[in-house]
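> model this:
(one chain, ligands or ions: 2)
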Amino acid sequence: MNQIEILSTDILSDNWYTLKKVTYQVKENNGNTSVQSREAYDRGNGATILLYNKAQQSVILTRQFRLPTYINGNPDGMLIECCAGLLDKDNPEDCIRKETEEETGYKITDVKKVFEAYMSPGSVTEILYFFVAEYNKAMKVSDGGGLAHENENIEVLELPFSQALQMMQTGEIKDGKTIMLLQYAQLASLV
Ligand SMILES: Nc1nc2c(ncn2[C@@H]2O[C@H](COP(=O)(O)OP(=O)(O)O[C@H]3O[C@H](CO)[C@@H](O)[C@H](O)[C@@H]3O)[C@@H](O)[C@H]2O)c(=O)[nH]1
Ligand SMILES: [Mg+2]
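Ligands and ions are numbered 1, 2, ... in the order given. Sure, this is the predicted structure:
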């Protein structure tokens, strides 16, 4: 295994999140050493969840404006996604329960972790924890929509599972975490 030694860390931006330039020495097993620099954007870690109802063959997704997609080719900037949120002090399970209620209005208790993944490992530090959970009408306690004071304006979508799968093919769904969870649900015959 290569040995890595961090030589210096410069903060390039420290506004909402943090962008660092890290310079490090790599010592390879064969004794060669080199010095490299890379930038890393730290916006914390997150959790995401696919809510599904097997009897109804349906899933709950969200729709919201995502500025980075708008400036990179998404005409209206709106993106269909699984419910997701950043971890604060909470562990991933508690975070995703809270986020599910805020964004979708469903109060869930039992969540199952299915995997975790670095979503953009060349530039973003974030690791994302992936969950699935069953939902039903009785769990609906509010409209959801996200936090008003954060202007989240999240639309809640209840879709037939077959339609969600179709929307990946047509490109109407083009969010990585959402594609991963829909494919997991299909592979594991959840819905
Ligand atoms: N003012 C301001 N607000 C920001 C900024 N960046 C993010 N926010 C706000 O911070 C809040 C974060 O909301 P969460 O629901 O906790 O996170 P998320 O943005 O949905 O992130 C989730 O999805 C991401 C995309 O897949 C994931 O990367 C992330 O881990 C998480 O799961 C949102 O209200 C968002 O608008 C910023 O630069 N300025
Ligand atoms: Mg969110």
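
> any bit of stretch 126-144 sitting next to ligand 2?
No - Stretch 126-144 does not reach ligand 2 (Cβ under 5 Å from the ion); its nearest approach is 10.9 Å. Using the backbone N, CA and C atoms, a C-beta is placed for each residue, glycine as well.

> Same check on stretch 98-109?
No - using Cβ under 5 Å from the ion, stretch 98-109 never reaches ligand 2; the gap is at least 5.7 Å.

> For the longest strand anywhere in the chain, which strands pair with it and how are they oriented?
If you go by DSSP state E, the chain has its longest strand at strand 3-14. Paired neighbours of strand 3-14 in the sheet (DSSP bridges): strand 18-27 (antiparallel).

> Would you map the helices across this structure?
For the chain, the helices defined by DSSP state H occupy 67-70, 92-104, 161-170, 176-187.

> and the longest strand of the chain, average pLDDT?
For strand 3-14, the mean per-residue pLDDT is 98.

> Give me the buried stretch members for that strand, please.
By neighbour count with 16 or more other Cβ atoms under 10 Å, strand 3-14 contains no buried residues.

> which other residues reach that strand?
Outside strand 3-14, the residues within contact range by Cβ atoms under 8 Å, 6 or more residues apart in numbering are Thr18, Leu19, Lys20, Lys21, Val22, Thr23, Tyr24, Gln25, Val26, Lys27, Val35, Glu39.
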